[in-house]
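Student: predicted model, plus sequence, below.
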Amino acid sequence: MQSMVGDNKNLRVFHTDPLDYHSIVEALEGCYGLFYSFEPSSSDHPYYDESMAEMEVRAAHNVLEACAQTNTIDKVVFTSSATAVIWRDPSDSTPSSQDVDERNWSNVNFCKKFKLWHGLSKTVAEKTAWALAMDRGVSMVSINAGLLLSPDLTITHPYLKGAAEMYEDGVFVTVDLKFLVDSHICVFEDVSAYGRYMCFNHVVNCNEDAVKLAKILLPPDVSSLPPSITVGESRMVPQRISNKKLNKLMVDFDSQVPTLSS
């Protein structure tokens with residue numbers, strides 16, 4: 001858990017347990033801002049399952065309650081995921097042609113049915129955080145981030161469960177670390193920031209990008225690609241996900257990372 005200390009402009013890191021309420025309260029003492037993210041390491045939990053949702057809900061509850069009890073806290077930036085937005089049941093009444101953005105929530109029952117545990121965990125944890133923030137009067141914004149591209153990214157990342165379906169639906173999004181960091185700073189510093197923000201700067205919606213990502217995840221074998229993705233074949237899937245709200249906020253933000261218009 002990372003928190004900003006009011007006495008200076010430095011970012012200090014506190015090692016604490018999000019499942020231990022008292023340790024959170026101690027870490028927040030004197031802080032005016034909190035950047036919260038829950039991502040278990042592979043050593044702690046090698047995979048997501050249904051029990052992870054319960055753990056993330058407990059952690060979110062503890063953190064927001066601790067923030068409510070800390071008088072100096074001015075704003076909380078809650079890092080969530082695009083998987084808390086994109087999963088919806090095809091039988092829902094919402095037209096499939098409608099763009100997906102931060103106004104959408106993943107369907108919990110759909111996530112359970114298809115064992116999309118990452119989406120389930122991020123959805124119920126973020127909803128818990130929002131409920132507590134509104135009930136306790138805590139100023140909070142959330143970042144619903146796409147898949148973070150990093151050197152250690154592999155096909156076992158829980159975000160990638162259902163990757164073929166994301167691709168076919170035009171909602172498979174990724175984000176670079178610098179853009180993700182800039183987005184967090186922007187929503188924290190901008191007093192006009194509110195609610196949820198979809199955060200990504202690339203959409204994987206063509207065969208070339210899909211094959212390129214697959215080679216990173218599964219080098220050098222691309223045999224695990226969906227049948228609809230053929231190497232050497234040019235195909236574009238219509239983009240059905242929008243990050244206009246964040247891009248509008250970041251127009252004047254000093255960043256070297258280009259945003260993606262959508």
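Tutor: Okay, I see it.
Student: going by C-alpha atoms from here, please, whenever you check contacts or count neighbours.
Tutor: OK.
Student: and the most centrally placed residue in the chain, its phi and psi?
Tutor: The centroid of the chain falls nearest to Ser81 when counting by Cα atoms, centre = their mean (2.0 Å). According to degrees, to the nearest 10, the main-chain angles of Ser81 amount to phi -150, psi 160.
Student: just give the nearest non-adjacent residue to it, would you?
Tutor: Spatially, and ignoring its direct neighbours in sequence, Ser81 is nearest to Asn144 (4.1 Å; Cα to Cα, 6 or more residues apart in numbering).
Student: bridging residues for that neighbour?
Tutor: Per DSSP bridges, the residues bridged to Asn144 are Ser80, Met198.
Student: what about it, how many residues close to it?
Tutor: As a burial measure, Asn144 scores 25 neighbours (other Cα atoms under 10 Å).
Student: picking that back up, any idea of the pLDDT on the residue nearest to the centre of the chain?
Tutor: If you check Ser81, the pLDDT there is 98.
Student: show me the contacts for it.
Tutor: Ser81 makes contact with Gly119, Lys122, Ile143, Asn144, Ala145, Gly146 under the criterion Cα atoms under 8 Å, 6 or more residues apart in numbering.
Student: these two touch, right, the residue nearest to Ser81 and Ser80?
Tutor: Yes. Taking contacts as Cα atoms under 8 Å, Asn144 lies within contact range of Ser80: 4.7 Å.
Student: most neighbours among the contacts of Ser81, which one is it?
Tutor: Highest neighbour count within the contacts of Ser81, by other Cα under 10 Å: Gly119, with 30 neighbours.
Student: so it makes contact with Phe110?
Tutor: No. Assessed by Cα under 8 Å, Gly119 is found out of contact with Phe110, at 9.7 Å.
Student: how about the strands in the chain?
Tutor: 2-5, 11-13, 31-36, 75-81, 140-145, 147-148, 173-175, 195-199, 202-203 (DSSP state E).
Student: mind telling me which of those strands the model trusts least?
Tutor: Among those, strand 2-5 carries the lowest mean pLDDT, a mean of 50.
Student: check the gap between the nearest residue to Phe38 once chain neighbours are set aside and Phe114 for me.
Tutor: Of all residues beyond its chain neighbours, the one nearest Phe38 is Glu56 (7.2 Å), with distances taken as Cα to Cα, 6+ apart. From Glu56 over to Phe114 the distance is 19 Å, taken as Cα to Cα, to the nearest Å.
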